[in-house]
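S.K.: Based on what follows, work out the 3D shape:
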Amino acid sequence: MKIKKKPTFFSGKSSVLIRIIKQFFLIFGILTGSTLLLVIVSLLFLSRSYTPKIKGANSIASLEKVNLGGIKQTILIRSQDTANPILLFLHGGPGSPLMPFAYVSDRKLEEKFIVVHWDQRGAGKSYTKNTNRADLTIEHYLSDTHALIHHLCERFGKEKVFLLGHSWGSYLGIITASRHPELLHAYIGMGQVVNMPVGETISYDYVLEKARAANDRKAIRDLERIGPPPYDDHKELLAERNWLTSYQGLIHNRSLFKTVTDALVSPEYSIWDHINEFEARDFSLSCIWADFQKVSIEETITALEVPVYFLEGRYDYCVPSELVEQYVNRLQAPYKELIWFEKSAHMINIEETSLYQDVLISKVLTSK
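M.R.: Sure thing, here's the model as predicted:
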């Protein structure tokens, strides 16, 4: 029996590039030959990353590395004025940075905040082939979050930050808000994780029902093959998410093609960063998913000492928004508000960008 060798990064960059882009499009369910060819040709010219300069004596536009927990990790800092308060964004996944969308979703925010995106350990620009699996634990991520907040406050002469957590990042965010309220002006949960076991079941039931209603035999066969959660293998999760994307439970109000191409032409991410990102996402999920799919905050976080805002997409079935509606009614906080985005699913910041920015500026900023 012949044993096939697994291709490596160094076995041919062009072949790896094609394989990675195929995987990317497969996840979003929109792979076509002509689209793939167009993307490959276009991306050959996008081999470096940078962040565009911002005019003004007190502005900052920096793409840099910081040491958190003994690991060098990449952060993006942008603002028209360093006197602004800090808004720290915790991305989802694990291992799915939204730094590639910063240029799409943040430009108005940069007028009022020092906006910071962070590729967490094992994710995106912070991933290397030497990343140790033992370093990717929930407590390590929480420790990094705490360390980064202290670093940013010291650097910019602040006492507190606004903390925004998305999806997986919302779990890190709300735990941080509970443990360190003295460091936050407010906490913002976007696609807030409440009860992962229940949420994953809702997600699976939703997409299977949609597939059956559409008599989508391929989707039904695939979903019945993997069965309902919990999943021992994170690849089963990715298979479910593939169909969830097809049935608009991940992105509802945006072309999937535009979403993919917007990420791929981001100035902050080069083509090689995207190649790294795909490997990093798979690596991070394989390390964290078993623990993450079990978490719940319903009983452990019943009160917070900071203002809390939940930004929820009406069509979100990736992290089902219906659970947040129940949770916010029980949560005690000095101020709490659930803000619905009626045209969005899970990716509010790029589905309803203008409203997203307006909410953060007109509502959240007043918490300071």
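
S.K.: What is the distance between the helix or strand containing residue 220 and the centre of its chain?
M.R.: Taking DSSP states H and E as the definition, residue 220 sits inside helix 217-226. Chain-centre distance of helix 217-226: 27 Å, with C-alpha atoms, centre = their mean, to the nearest Å.

S.K.: Just after it, pick out the following helix or strand.
M.R.: Following helix 217-226 in sequence order, the next helix or strand is helix 234-246 (DSSP H and E).

S.K.: Give me the mean pLDDT for that following helix.
M.R.: Mean pLDDT, helix 234-246: 93.

S.K.: So which residues make contact with that helix?
M.R.: Helix 234-246 is contacted by residues 26-29, 203-204, 206-207, 211, 219, 222-223, 226, 229, 231, 250-251, 256, 282, 285-286, 289, 293, 317-318 when judged by C-beta atoms under 8 Å, 6 or more residues apart in numbering. To be clear about C-beta, it is placed using only N, CA and C from the backbone, and glycine gets the same treatment.

S.K.: give me every residue that touches the closest residue to residue 108 other than its chain neighbours.
M.R.: Distance criterion C-beta to C-beta, 6 or more residues apart in numbering; nearest residue to residue 108, sequence neighbours excluded, is residue 357 at 4.3 Å. With contact taken as C-beta under 8 Å, 6+ apart, residue 357 is in contact with 105-106, 108-109.

S.K.: Out of the residues you listed, who's the most crowded?
M.R.: Counting neighbours by other C-beta atoms under 10 Å, residue 106 comes out on top of these with 25 neighbours.

S.K.: Need the three-state assignment for the residue lying closest to it once chain neighbours are set aside.
M.R.: Nearest non-adjacent residue to residue 106, counting by C-beta to C-beta, 6+ apart: residue 115, 5.1 Å away. Of the three states, residue 115 takes strand according to DSSP: H, G, I helix; E, B strand; the rest coil.

S.K.: Ok, residue 129 next?
M.R.: Classification of residue 129 using three-state DSSP returns coil.

S.K.: backbone phi and psi for it, please?
M.R.: Main-chain dihedrals, residue 129, degrees, to the nearest 10: phi -70, psi -10.

S.K.: quick one: stretch 72-84 to chain centroid distance?
M.R.: Chain-centre distance of stretch 72-84: 18 Å, with C-alpha atoms, centre = their mean.

S.K.: quick one: buried residues of it?
M.R.: Residues 73-82, 84 are the ones in stretch 72-84 that count as buried (16 or more other C-beta atoms under 10 Å).

S.K.: Would you mind putting the CA coordinates of that stretch into PDB?
M.R.: Taking Å, rounded to 0.1, in the frame of the first residue of the first chain, the C-alpha atoms of stretch 72-84 are listed here in PDB:
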ATOM      1  CA  LYS A  72       5.200  37.700  20.300                       C
ATOM      2  CA  GLN A  73       1.700  38.700  19.000                       C
ATOM      3  CA  THR A  74       0.600  41.100  16.400                       C
ATOM      4  CA  ILE A  75      -1.600  44.100  17.100                       C
ATOM      5  CA  LEU A  76      -3.000  46.800  14.800                       C
ATOM      6  CA  ILE A  77      -3.400  50.300  16.300                       C
ATOM      7  CA  ARG A  78      -5.200  53.100  14.500                       C
ATOM      8  CA  SER A  79      -6.600  56.500  15.500                       C
ATOM      9  CA  GLN A  80      -6.800  60.100  14.400                       C
ATOM     10  CA  ASP A  81      -5.900  61.200  17.900                       C
ATOM     11  CA  THR A  82      -4.100  59.300  20.600                       C
ATOM     12  CA  ALA A  83      -6.000  61.400  23.200                       C
ATOM     13  CA  ASN A  84      -9.100  59.200  22.300                       C
END
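
S.K.: which residues touch that stretch?
M.R.: With contacts defined as C-beta under 8 Å, 6+ apart, stretch 72-84 is touched by 51, 54, 56, 58-67, 99, 102, 106, 110-121, 124-126, 144, 148, 156, 268.
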